[in-house]
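Visitor: Prediction below, plus the sequence it came from.
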Amino acid sequence: MLVDGSLLQVGSPSSKLRCPDVGATTILDVTEASYITATRAAYDIVAVDYARLLSTESPETPVDLAMIEAFASLVRSAGAGPVADLGCGPGRITAHLHALGLPAFGIDLSPAMVATARKAYPDLQFDVGSMTALSLADDSVAGVVAWYSIIHTPPALLPMVFAEFRRVLAPGGHLLLAFQVGNERLHIEHGYGHSVSLDAYRLLPDDIAELLTQAGLLVQARMIREPQAREKARQACLLGRKPAVP
Ligand SMILES: C[S@@+](CC[C@H](N)C(=O)[O-])C[C@H]1O[C@@H](n2cnc3c(N)ncnc32)[C@H](O)[C@@H]1O
């Protein structure tokens, strides 16, 4: 995959690619994008403590929960096909979607997050993977949820992520995104009692809506709310849909 002029292969920190179209076997070194490596490393470090904290104090407000319920209702009305919770972390939103009657499964970059999710919800499916290159077939899911998980992707690369969302969504499938509102990059050095090093991006809802539209998705609703409790920024939640007829 060509990203910003460099080859990006997600999934392993460094892997070898064989080129079949040259006479002798040629091995190319392909190194994944540094933000992917940093994000995976950070969430591997914090996974257990992140899960423990969020199991005792859920950050979702009634308004957030209403958006998740609206998404679930839309997917159920369309026949309740599979829902991919991308960047599922410890699986709490996947489990919530399941409780709302959706056959939800989770995918996350961080093997430690996936292990934590499997332990907490052994009846649900969780796999390691990246939303930049999903191992899901075209048109295969009725819903995609990215609940605070696009926030570590540099905004310039979000078109690639939204193209993946569109690819895997079935025609008429629904999308739910949540993120912090703003227009800046934050470098994070401490989290959940650990030293980490990764970036997070606050995003403007209008910019995200425009990128979704450019990716061929329809934006149906935007929720923006004031910060609550320990939050330092407004929070946004967007509902979108893949057109039923391409
Ligand atoms: C702030 S946490 C949110 C986790 C979960 N959605 C929740 O609300 O509890 C962000 C999660 O997104 C995952 N993530 C970040 N970039 C990702 C990517 N490119 N593909 C898959 N997961 C990613 C991280 O590993 C992390 O578990």
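Guide: Now that the structure is in, tell me what you want to look at.
Visitor: now for the helix ranked longest in the chain, which elements pack on it?
Guide: Longest helix of the chain, by residue count under DSSP state H: helix 34-56. Applying 3 or more Cβ pairs under 8 Å, 6 or more residues apart in numbering; DSSP states H and E, one finds that helix 34-56 makes contact with helix 92-99, helix 111-120, strand 185-191, strand 194-201. Glycine gets a C-beta too; all of them are placed from N, C-alpha and C.
Visitor: Could you list every helix and strand in contact with the first one?
Guide: Under the contact criterion of 3+ Cβ pairs under 8 Å, 6+ apart, helix 92-99 touches helix 34-56, helix 62-77, strand 83-86, strand 104-108, helix 111-120, strand 141-147.
Visitor: before we move on, the earlier item: mind putting the helices and strands packed on helix 34-56 into TSV with mean pLDDT?
Guide: Below are the helices and strands packed on helix 34-56 laid out as TSV (pLDDT from 0 to 100):
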stretch	mean pLDDT
helix 92-99	98
helix 111-120	98
strand 185-191	97
strand 194-201	97
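Visitor: export these to TSV and tack on mean neighbour count?
Guide: Below are the helices and strands packed on helix 34-56 laid out as TSV (neighbours: other Cβ atoms under 10 Å):
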stretch	mean neighbour count
helix 92-99	21
helix 111-120	20
strand 185-191	12
strand 194-201	16
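Visitor: mind giving me a markdown table with the ones you listed and columns for distance to the ligand?
Guide: Below are these laid out as a markdown table (distance: least, Cβ to the nearest ligand atom, whole Å):
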| stretch | distance to the ligand |
| --- | --- |
| helix 92-99 | 5 |
| helix 111-120 | 4 |
| strand 185-191 | 9 |
| strand 194-201 | 8 |
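Visitor: now for the ones you listed, which one comes closest to residue 33?
Guide: strand 194-201 (11.7 Å; Cβ to Cβ).
Visitor: was I right about residue 184 contacting residue 203?
Guide: No. Between residue 184 and residue 203 there is no contact under Cβ atoms under 8 Å: 9.5 Å.
Visitor: Export stretch 233-246 to PDB, keeping only CA atoms.
Guide: The C-alpha coordinates for stretch 233-246 follow below in PDB (Å, rounded to 0.1, in the frame of the first residue of the first chain):
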ATOM      1  CA  ALA A 233     -12.400  19.100  24.900                       C
ATOM      2  CA  ARG A 234     -15.800  18.900  23.300                       C
ATOM      3  CA  GLN A 235     -16.700  15.400  22.100                       C
ATOM      4  CA  ALA A 236     -18.200  14.500  18.700                       C
ATOM      5  CA  CYS A 237     -20.100  11.600  17.400                       C
ATOM      6  CA  LEU A 238     -21.000  11.100  13.700                       C
ATOM      7  CA  LEU A 239     -23.500   8.700  12.200                       C
ATOM      8  CA  GLY A 240     -23.000   7.800   8.500                       C
ATOM      9  CA  ARG A 241     -24.100   5.300   5.900                       C
ATOM     10  CA  LYS A 242     -22.800   3.700   2.700                       C
ATOM     11  CA  PRO A 243     -25.300   4.400  -0.100                       C
ATOM     12  CA  ALA A 244     -27.600   1.500  -0.700                       C
ATOM     13  CA  VAL A 245     -27.000   1.800  -4.400                       C
ATOM     14  CA  PRO A 246     -23.400   2.400  -5.400                       C
END
